[in-house]
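*Asks:* Below are the sequence and a predicted model; questions follow.
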Amino acid sequence: MTKEITITLNGEKQTLEVEPRLLLVHLIRENLNQTGTHIGCDTSSCGACTILVNGKSIKSCTMLAIQADGKEIITVEGLATTEGLHPIQEGFKENHGLHCGFCTPGMMMRAVELLENNPNPTEEEIRWGISGNLCRCTGYNNIVKAIQYAGAKIRGDELPSTEPEFI
Amino acid sequence: MIPAPFDYYAPTTLDEAISLLQELGDEAKILAGGHSLLPMMKLRFASPEQLIDINNIPGLSYIKEEDGFLKIGALTKEAELEHSDIIPGKYPIFLDATKLIADPQVRNMGTLGGNLAHGDAANDHPAVMLAMRAEVLATGPEGQRTIPIDEFFYGFYMTALGETDILTEIRIPIPAAGTGNAYHKLERKVGDYATAGVAVQLTLDNDGVCTYAGIGLTNVNPTPLRAERSEQALVGNKLTEEVIAQAAQFASEDCNPSDDLRGDEEYKRAMVGVLTKRMIHKAMERAQ
Amino acid sequence: MIKCDTPKEIGGMGHSKKRKEDDRFIQGKGNYVDDIKLPGMLYMDIVRSPYAYAKIKSINTDAAMAIDGVVAVVDGKALEQYNLHWMPTLMSDTQMVLPTDTVMYQAQEVCAVIATSRYAARDGKEAVIVEYEPMKPLMDPYKALDDDAPLLRPDKEGKTDNHIWNWKAGDKEKTDKVFEEADVTVKEQMHIPRIHVASIETCGCVADYDKVNNHLTMYMTTQAPHAIRTVIALVAGHVGLTEEKIRVISPDIGGGFGGKVPVYPGYVIAIAVSFLVGKPVKWIEDRSENLQADSFARDYHITAEMAATKEGKILATRFKILADHGYTDASANPSKFPTGLYSIGTGSYDYGTSYMEADAVYTNKPPGGVAYRCSFRVTEAVHAIERITDRLALEIGKDPAQLRMENFIKKEDFPWKSPTGWEYDSGDYHAGLQKAMDAVGYDELRKEQAEKRAKGELMGIGISTFTEIVGAGPSKDFDILGIKMFDSAEIRVHPTGKAIARFGTKSQGQGHETTYAQIIAQELGIPMEHIQVEEGDTDTAPYGLGTYASRSTPTAGAAAAVAARKLRDKAKKIAAYLLEVSEEDLEWEPGKFFVKGAPEKSKTIQELVFAAYTNHPQGMEAGFETTHYYDPPNLTFPSGAYICVVDIDKETGQIDVRRFVAIDDCGNIINPMIVQGQVHGGLTQGIAPAMYESLIYDDDGNILNGTFMDYLVPTAVESPNWETGHTVTPSPHHPIGAKGVGESPTVGAPPAIANAIVDAMSHLGVTHMEIPITPFKVWKTLKEKGAI
């Protein structure tokens, strides 16, 4: 049994036939070839597959493709516009918020919603806000900085320094 | 991480959903937020033959005070509890609990109804509901019925919901003036299930005498547990350190935790005692 | 001071240049192995054993084969026909690819299902019925040598017990004598638990065998593509896959930390299947498979002892180790070093006598012993020496910082010969610890601690002052499977002065595309933006042993500098020719040669490169490219001084890491931003085994925490805000004075944390706690000591 669904992925409307058990992350990666969204676990723990569905950050490994019928999806590929990088992308690059890059798309998609809800989060709010995303490389310090930088950019405040600070 | 095949149904009315449950029998499962069910299906610990997705049924997601109750639609997501304007005033216990449930993305999908209907003693809301004496509204072929929370959890992963029932609403009596509530759990890392968790709701009169006490425990018993002796130790008394210590002692005695990677029985009993004491204090502060 | 003597436009060493690789990663254009999709590609899923030790009685594939899309089920007997059912490990041990009769650990590969889709392969896996005859597994390494222990490796000719090897270093007789005569001796038994790298990308591959051309392209998650190509040729050469017919491509790697060095059975099965069916085969592990079956790290049981005078002068150390390797020794240590570089464990202290001995055994656990951001056992060694040093401080009642200051090797005593034979290249340990103490406010913290203790509150301060050993290694001693541990760089500068550089290493997040470009920019004066770095394709990159054990900068980074210098020498010859002066009359400044005393007469590097293609001197070889294979004269010895401050909630045992100050010395710094990033990440991978992670098995061989639900990788909430800094003591033998840094923080952090927690409870009689130190363990200890 397959079912026809229609989704909007990064602004493009797509109609597809899907098996009910198809996971949304597989729909995006395999059927629609947008491989920026990653898979890092099988227990909804790591957050590498985080995307936005109707503006909410969700783990696309724990949603069926069929549940996304009629919904608007944004993945990492949909962040930048013709104007340039999204502030969160700029924040990650300028603040060395990534090493291997594998958790980065999910981490950024989560941060986008975090900043949407709270454009000026404290360090603690950021740390709790990204607690559903595991990063094995960075130790998180610079991810926190990246999100603070993006917040400042979104708010139109003066941008914090991106030079590393040493004791 | 791939579920076994299943048939998928997406009813748009409750009646339709209930008919499907009647028609399909016990191999069918209800899909709400899916964050307990889908992970189990991906690991093939569960392989239902049919999924009935109730997310397309309108009118099951709301938070409102009405008729003396805080009424929460079963499909209300954890994140909606976190961001609701109604919650912070009288129900900060929900903010305590939701912050500690899984993680933000999971809370964007996970529902209050699902958290209860799963019947898992490791979930956090059951203890909160026990402390607040909630009622659960179940809708089935015969119509609606309310189930007091004390009668809801009655076995390991078992609830009072019948095979053709759908949990549709949670009703919490609006707390009287002078009420405070609080929840905390110890977890090995953020998002973990509780090593031990304690929910407390208290009402104090003008003299500081406790007129209501509700205490619920997370993950220290085969089912979510109400610490009744602890509640009785509080009601009718001024909450002195001795009274609180007695209540904490009862809670740690009355639970039945098992040894696991989170700790052994002795540790968990002790943590129930510590958290009961701390949550009573926090609820007292909030009752002011 | 950080050396920084090129202008920002050139971006040589010392500049915090933003990373060149980031543009693709932040836009979802990274290319990881699971992103590769080839026409006609098949998918593989692996049936794994639920038992730790069992005979396979039968494998029934009928139901699996009946599933739409399943094309084959491959078992050990099928591979045996081609003699592909066994493979060598990197330690010259042997390992089953697929079993023909017995499984040796839980989650071992039993057979592989091949299908036209990922979903069908998974369904097929579920439908395979395997009948086992379970046996009682050997889980306790201390029982491995008992008479009644089962002989786990009868496949190894002449093997009569479960002993793998014995290793010794230092002088036993002399050490024993010092211990007998010393005023003070201390001893602790410690276990450095089995842990898992858990890089967020799991392992996987796409094996693409082209029957017509008899050529294999292997896309895979490997940190060492060249070495892997050689191993594949060794395993499959007899079926015609000789080394020139194999191309290994390591695309972007989502974290490695050592876990992507070994050859796993899944890779070999995928190759075998692709070879047999002539179609590309993709295999991607699930997380649980990754945690349960891929190489573990650590699992050393250590008895650590220290002898000293009563005033606290360290005289000798003694270490006895039992190494649990699981089913096979699948470490990735240099051949001559079965315990890796454990012998660095004499530490940062000036004393002349040490003896170490290790025995390794087989058990029914998954094989390995490779990695967790430190493949060569330095973490185990540093934990033992730094814990036992604190134990001595406690014994004689001396402040642990003071004890360390009094025993450090002095700056002027380098190069320093260690009791186990290493020549430490350089260091300034006093400066590092002083800087850390000043930053954390050490004396005030000790006062605060005394006040808190008086009130019954628990607060601890822990120090770790470690010496690392990286950059393996000099060819006279270092090889893996006989291949010497040099590494390589090839630089080609195009006529317009822009370059491509290729390396035998492979970044998994370390930022090589940026740092290597900076090294070349430093030496050649070409702006780093115009230097393209490539790694990971064995058809194009020069041979090298890969990236692990913090060896990239010490080896390939050195190769880049030396290669660039060779090119600069050529540029100088061209400059002399063009400016019509002798080479001796020329001076270099970043980006150009000029005539001494006449700086207006100069040629830029771009002009000189152009001339190499358009107007080179007669007799000189045209073009501007070179390759260098760098064979390091010595290892490098980074160091660090870490201080951790913890507060403990007495009632719950919960540990709050209040502060963590890390001062690292990795010699000259190529990119301060990247070095700091490496330190941050390594510290979180240090707190992980100290407080959260360990792989736990029951007596029946079942793993109890084989998913991310229970294998507790720290999130941003558990990971504190790291405070970092550096001292700079260049390596005297390294071309750019750099030492390597990636693994230092993972090595140094666990003992600092453990020392802090023990320190918080030392007045209660606590002398040691085993990592990971959890609230549960703390509470139990407090209970035992009568403190609650």
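*Replies:* Cool, the structure landed. Residues are numbered from 1 along each chain as shown, chains lettered A, B, ... in the order given.
*Asks:* Can you get me a residue count around C:V679?
*Replies:* Using other CB atoms under 10 Å in any protein chain shown, C:V679 has 29 neighbouring residues. C-beta: built from backbone N, CA, C; applies to glycine.
*Asks:* Same question for C:I67.
*Replies:* C:I67: 18 neighbours (other CB under 10 Å).
*Asks:* show me the contacts for it.
*Replies:* Going by CB atoms under 8 Å, 6 or more residues apart in numbering or on different chains, C:I67 touches C:A115, C:A120, C:D123, C:G124, C:A127.
*Asks:* How about C:T774?
*Replies:* B:R188, C:G653, C:M691, C:Y692.
*Asks:* does the last one really touch C:I771, like I thought?
*Replies:* Going back to what we said before, that points to C:Y692. No: taking contacts as CB atoms under 8 Å, C:Y692 lies outside contact range of C:I771: 9.5 Å.
*Asks:* more neighbours, these two?
*Replies:* Neighbours were counted for C:Y692 and for C:I771 using other CB under 10 Å; C:I771 has more, 26 against 20.
*Asks:* From C:R194, how far out is the more buried one?
*Replies:* Counting by CB to CB, to the nearest Å, the gap from C:I771 to C:R194 is 12 Å.
*Asks:* can you count the residues close to the residue of the stretch 51-200 of chain C at minimum distance from chain A?
*Replies:* The nearest approach of the stretch 51-200 of chain C to chain A comes at C:I200, 4.2 Å away (CB to the nearest CB). C:I200 is flanked by 28 other residues according to other CB under 10 Å.
*Asks:* Once you drop chain neighbours, what's closest to it?
*Replies:* What sits nearest to C:I200 in space, not counting adjacent residues and going by CB to CB, 6 or more residues apart in numbering or on different chains, is A:G40, at 4.2 Å.
*Asks:* Could you give the number of residues near that neighbour?
*Replies:* 27.
*Asks:* show me the contacts for it.
*Replies:* By CB under 8 Å, 6+ apart, the residues touching A:G40 are A:46-49, A:102-103, A:106, A:134, C:200-202, C:254, C:287.
*Asks:* So the spatially most central residue of chain A, which state does it fall into?
*Replies:* In chain A, the residue lying closest to the centroid (CA atoms, centre = their mean) is A:M109, at 1.7 Å. The assignment at A:M109 comes out as helix when based on DSSP: H, G, I helix; E, B strand; the rest coil.
*Asks:* What's the per-residue pLDDT of it here?
*Replies:* A:M109 is assigned a predicted lDDT (pLDDT) of 98.
*Asks:* Tell me the spacing between it and C:D428.
*Replies:* 45 Å.
*Asks:* Check B:Q288 too.
*Replies:* 57 Å.
*Asks:* And those two? Which one has more around it.
*Replies:* Remark: of B:Q288 and C:D428, C:D428 carries more neighbours, 20 against 8, as counted by other CB under 10 Å.
*Asks:* Now for the more buried one: which residues touch it?
*Replies:* Neighbours of C:D428 in contact, by CB under 8 Å, 6+ apart: C:K411, C:D665, C:T727, C:T729.
*Asks:* how about CSV for those, with distance to chain B, neighbour count and pLDDT added?
*Replies:* Converted to CSV, those look like this (distance: CB to the nearest CB, whole Å; neighbours: other CB atoms under 10 Å in any protein chain shown; pLDDT from 0 to 100):
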residue, distance to chain B, neighbour count, pLDDT
C:K411, 41, 13, 98
C:D665, 32, 27, 98
C:T727, 33, 23, 98
C:T729, 37, 24, 98
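*Asks:* Between those residues, which sits nearest chain A?
*Replies:* Distances from chain A to those, taken by CB to the nearest CB, are shortest for C:T727, at 10.4 Å.
*Asks:* And the closest one, its phi and psi?
*Replies:* Dihedral pair for C:T727: phi -120, psi 160, per degrees, to the nearest 10.
*Asks:* what residues are up against it?
*Replies:* Here C:T727 is in contact with C:D428, C:A431, C:G432, C:K435, C:I663, C:D664, C:D665 (CB under 8 Å, 6+ apart).
*Asks:* Isn't C:C644 up against C:D656?
*Replies:* No: in this structure, C:C644 is not within contact of C:D656 by CB under 8 Å, at 11.2 Å.
*Asks:* Out of the contacts of A:G40, who's the most crowded?
*Replies:* These, ranked by neighbours (other CB under 10 Å): first place A:G106, 32 neighbours.
*Asks:* which SSE is that residue in?
*Replies:* Secondary structure assignment for A:G106, by DSSP states H and E: helix A:104-117.
*Asks:* So what touches the next helix or strand after that helix?
*Replies:* As assigned by DSSP H and E, the chain's next helix or strand after helix A:104-117 is helix A:123-129. Taking CB under 8 Å, 6+ apart as the criterion, the residues outside helix A:123-129 that touch it are A:110-111, A:114, A:118, A:121, A:140, A:144, A:147-148, B:99, B:104, B:190, C:715-717, C:719, C:721.
*Asks:* Show the buried residues in these.
*Replies:* Among these, those buried by neighbour count (16 or more other CB atoms under 10 Å in any protein chain shown) are A:110-111, A:114, A:121, A:140, A:144, A:147-148, B:99, B:104, B:190, C:715-717, C:719.
*Asks:* ok, back up a step: quick one: which of C:C644 and C:D656 has more around it?
*Replies:* Between C:C644 and C:D656, counting by other CB under 10 Å, C:C644 is the more crowded of the two (31 against 11).
*Asks:* Is that one in a helix, a strand, or coil?
*Replies:* Reduced to three states by three-state DSSP, C:C644 is strand.
*Asks:* same thing with C:V248?
*Replies:* strand.
*Asks:* Now the nearest residue to B:R262 once chain neighbours are set aside. Its backbone dihedrals?
*Replies:* Among residues not flanking B:R262 along the chain, B:T195 sits closest, at 4.1 Å (CB to CB, 6+ apart). Main-chain torsions, B:T195, degrees, to the nearest 10: phi -70, psi -40.
*Asks:* One more: A:I66?
*Replies:* Torsion angles at A:I66 (phi, psi; degrees, to the nearest 10) stand at phi -60, psi -30.
*Asks:* That one against B:F6, yeah?
*Replies:* No: shown here, A:I66 and B:F6 do not form a contact pair, counting by CB under 8 Å, at 10.6 Å.
*Asks:* secondary structure class for the residue in chain A that chain B sits nearest to?
*Replies:* Distances between chain A and chain B by CB to the nearest CB are smallest at A:G132, namely 2.6 Å. Following three-state DSSP, A:G132 is assigned to coil.
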